[in-house]
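Undergrad: any chance you could fold what I've pasted below:
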Amino acid sequence: MDTSDSKDVDNNQFQQQAAEVMAAAQQADHQQQPMDTAHVGGGQSETAVQEANSVKPAAFKALVGRGHPEFSSGRQQDAAEYLLHLLQLISRAEHAAASRLNIPDGQGLTPSIFNITLEDRTQCLTTSRVSYRRSVTSSLALHIPVEAAINQEEVANYKEREAKRQKLKDEQATAYIGAGSSLDGSTENGSNVVLLPHQGGTSDSTAAAGTAAASGNESPVLPVVPFEACLNKFIAAEVLDDYYSAAAGRKVQATRRTRFATFPPVLVIALKRYYVAEDWTPKKLEVEVPMPEQLHLEQLRSSGPAQSEQLQPEDDANQQQQPQQGGAATAGNGLGGGAATATEPDATIVAQLMSMGFSENGSKRAAIATGNSNAEAAMEWVLSHMEDPDFNDPWPAAAPAGGIAAAPAVQQQDPEKVSMLTAMGFEVDAAEAALGATNGNIERAGDWLFSHMDDLPAAIASVKRGESGAVAGGAAAAVDSRPSVIDGPGDYELLGIVSHMGSNTACGHYVAHIKKNGRWVIFNDEKVAASEHPPLSLGYMYVYIRVDKAQR
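TA: Here you go, the predicted structure:
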């Protein structure tokens, strides 16, 4: 079986199992008869009908993780990373089957209902100029400020009692060993006998209290951090000491704050409970964060640049160039993160930056962003923008006179990006063609490959002939025209919880709780049951669904 056949089989299997999962999830009650029993049953037993309408978690996990170095293994995985991988698989499967599924061109694919657009506003403290950057993420990751716990005194007292219990256990162990060595006949007068604690005249009540303390039956007292503290930490302004200001022409101090540019239909919040200790061992933050069942975040929406604000030079240029780009702004267009009108970078500056080890595309972007001023300013820009998602993307070629874009020239693709695509099972020529057709964007290249599974050889040949624009004008163009985010009001209601039982991400077990028809249901592998006390304050990931205030 060749590569295209193998990928087609994987896509079909994934689509089938994903459809079965969705069919089962839409049941009004987990104890009700599965959907389409009349059609699926055909006289079969109830057990056979249920099996036809369900997917075993282990089988689904094996299919989703196939070919992935981590998720295909038996090692413990991070649920947030798994969700991101799953959404990428869903996106590729829907891209490949968009025509068969009759998905309208203007309709977003499944991952778009999770996508959040965040906007960072950075202000130079020297020139007061501001810069805006937007990024899209599928979940909102929040740090937990333990210092904001509302029960710090109770936690300190518990730790003190726990230390005393541990000391008592150590003393009892030492006493037991000493007593045993003195009773074996090796001593003459028993002078080495050590009495166990609470012996020799203590009252019964004192002994009982000591025994209870030593047994450690007291429930742990965990820090309780309000959710508002986590959210306030996320939106709080942070000070940047090494921010390169294009207006100042050097590194200065700046402040950065984050707000929401769009709110998704489904909001996934991941609390950062896991960290690496000083000895480089993975740990889990044992803390309670009582999560609200209703969220109202509209007050945290960003309004973008204000008329009274002065933008950084590159942002100001992009703002002026935005109307010339057809008006369809991306996550970065108009805010300094996307492609502006093409200009030619200074070859000398690009060569100097590349000699320092920076990529060619990044060097070109730096030269253009700093107006081809000098290598030092360009290098400062590189150091401040290396983490930008489009940093290594090719700069769009300038259109010739008359406004008609020239045919794309065949260029050498980034070997690292090629290797990433070949690791997915594609041939080198297919990977290079995909990158050439999508201006080197690795995510779009993957989508391009999956959307051309039926005519991949012809699509590759078209790209090699310089017809990438024509190729992209087919299925890929329909994909690119779909919205990547679906904005709406920032009002939500809690729908589900993913919690982890274990000391770190390398061990333990995940379970899920979902609210169905006003009651909570726990999903623990193949076991499903009603839940009286869902872990509202101990979850790792929380799934909120948008609600309409008028319907509440």
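
Undergrad: need the longest helix for this structure.
TA: helix 152-182 (DSSP state H).

Undergrad: for that one, name the packing helices and strands.
TA: Packing partners of helix 152-182 (3 or more CB pairs under 8 Å, 6 or more residues apart in numbering; DSSP states H and E): helix 204-215. For every residue, glycine as well, the C-beta is placed using N, CA and C.

Undergrad: which SSE is immediately downstream of the helix it packs on?
TA: Once helix 204-215 ends, the next helix or strand along the chain (criterion: DSSP states H and E) is helix 227-235.

Undergrad: buried stuff in that next one?
TA: 227, 229-231, 233-234 (16 or more other CB atoms under 10 Å).

Undergrad: what does that helix rub up against?
TA: 140, 142-145, 148, 257-259, 271, 289-292, 300 (CB atoms under 8 Å, 6 or more residues apart in numbering).

Undergrad: okay, and which of these map to strands?
TA: 140, 142, 257-259, 271 (DSSP state E).

Undergrad: please pick the buried ones from those.
TA: Neighbour counting by 16+ other CB under 10 Å classes 140, 142, 258-259, 271 among those as buried.

Undergrad: in a markdown table: those residues, plus distance to Trp381 and pLDDT.
TA: Formatted as a markdown table, these follow (distance: CB to CB, whole Å; pLDDT from 0 to 100):
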| residue | distance to Trp381 | pLDDT |
| --- | --- | --- |
| Leu140 | 29 | 94 |
| Leu142 | 30 | 94 |
| Thr258 | 22 | 94 |
| Arg259 | 24 | 95 |
| Leu271 | 35 | 94 |
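
Undergrad: greatest separation within those: which pair is it?
TA: Spanning the widest gap among these are Arg259 and Leu271, at 19.9 Å by CB to CB.

Undergrad: for the stretch 451-552 of the chain, what spans make up the strands?
TA: Assigned by DSSP state E, counting those that start in this stretch, the stretch 451-552 of the chain shows strands spanning 491-501, 509-516, 519-524, 527-530, 541-546.

Undergrad: quick one: low-confidence ranges for the stretch 351-500 of the chain?
TA: Applying pLDDT under 70 to the stretch 351-500 of the chain picks out residues 387-390, 393-411, 423-425, 443, 454, 466-482.

Undergrad: coming back round to it: Arg465: which of the buried residues of helix 227-235 is nearest?
TA: Using CB to CB, those come closest to Arg465 at Phe234, 49.0 Å.

Undergrad: one step back: any idea which of the buried ones among the ones in strands among the contacts of helix 227-235 is closest to Ala434?
TA: Leu140 (30.7 Å).

Undergrad: so that closest one sits right up against Leu271, yeah?
TA: No: contact criterion CB atoms under 8 Å: Leu140 and Leu271 do not qualify, at 9.8 Å.

Undergrad: low-scoring stretches of the stretch 1-150 of the chain, by residue?
TA: 1-55, 98-99, 105-106.

Undergrad: would you map the helices across it?
TA: 3-25, 37-41, 46-52, 57-65, 79-96 (DSSP state H, counting those that start in this stretch).

Undergrad: for the fourth one, name the packing helices and strands.
TA: Taking 3+ CB pairs under 8 Å, 6+ apart as contact, the helices and strands that helix 57-65 lies on are helix 3-25, helix 79-96.

Undergrad: quick check: chain neighbours aside, which residue is closest to Gly496?
TA: Excluding its sequence neighbours, the residue lying closest to Gly496 (CB to CB, 6 or more residues apart in numbering) is Val543, at 4.0 Å.

Undergrad: that neighbour contacts Glu493, doesn't it?
TA: No: using CB under 8 Å, Val543 makes no contact with Glu493, being 10.2 Å away.

Undergrad: out of the two, which sits in the more crowded spot?
TA: Using other CB atoms under 10 Å, the more surrounded residue of Val543 and Glu493 is Val543, with 22 against 14.

Undergrad: got a list of what that one touches?
TA: Per CB under 8 Å, 6+ apart, neighbours of Val543: 266-268, 494-498.

Undergrad: bridged to it, which residues?
TA: Note on Val543: beta-bridge partners Val268, Gly496, judged by DSSP bridges.

Undergrad: and the gap between it and Val266?
TA: 7 Å (CB to CB, to the nearest Å).

Undergrad: go on, Glu94?
TA: From Glu94 to Val266 the distance is 16 Å (CB to CB).

Undergrad: these two: who's more crowded?
TA: Set side by side, Glu94 and Val266 show more neighbours around Glu94, with 23 against 19, by other CB under 10 Å.

Undergrad: skipping adjacent residues, who's closest to the more buried one in space?
TA: Leu109 (4.6 Å).

Undergrad: got the phi and psi for that neighbour?
TA: phi -80, psi 170 (degrees, to the nearest 10).

Undergrad: was I right about it contacting Ser91?
TA: Yes: if you go by CB under 8 Å, Leu109 and Ser91 touch, sitting 5.6 Å apart.

Undergrad: Ala80 contacts Ala141, correct?
TA: Yes: using CB under 8 Å, Ala80 is in contact with Ala141, at 7.3 Å.

Undergrad: which neighbours do those two share?
TA: Common neighbours of Ala80 and Ala141 (CB under 8 Å, 6+ apart) are Ala270.

Undergrad: compare those two (neighbour count), which wins?
TA: Legend: neighbour count by other CB under 10 Å for Ala80 and Ala141, higher for Ala80 (20 against 13).

Undergrad: so what sits against both of Val543 and Val266?
TA: Leu495.

Undergrad: what about Ser373, helix or strand, and which?
TA: Counting by DSSP H and E, Ser373 is found in no helix or strand.

Undergrad: for Gly67, give me phi and psi.
TA: Dihedral angles (degrees, to the nearest 10) for Gly67: phi 90, psi -10.

Undergrad: Thr370 too?
TA: phi -100, psi 10.

Undergrad: now do the SS call for the closest residue to it other than its chain neighbours.
TA: For Thr370, ignoring the flanking residues on the chain, the nearest one in space by CB to CB, 6+ apart is Ala377 at 4.4 Å. Ala377 falls in the helix class when you classify it by DSSP: H, G, I helix; E, B strand; the rest coil.

Undergrad: need the contact list for Ala377.
TA: 246, 249, 370.

Undergrad: number of residues surrounding the last one?
TA: Thr370: 25 surrounding residues under other CB under 10 Å.

Undergrad: wait, isn't it in contact with Val382?
TA: No: proximity of Thr370 to Val382 does not meet the contact threshold set by CB under 8 Å, at 9.6 Å.

Undergrad: now Trp381, nearest residue through space, not along the chain?
TA: Per CB to CB, 6+ apart, closest to Trp381 is Ala366, 4.6 Å.

Undergrad: test my guess that that neighbour contacts Ala378.
TA: Yes: taking CB under 8 Å as the definition, Ala366 is a contact partner of Ala378 at 4.0 Å.
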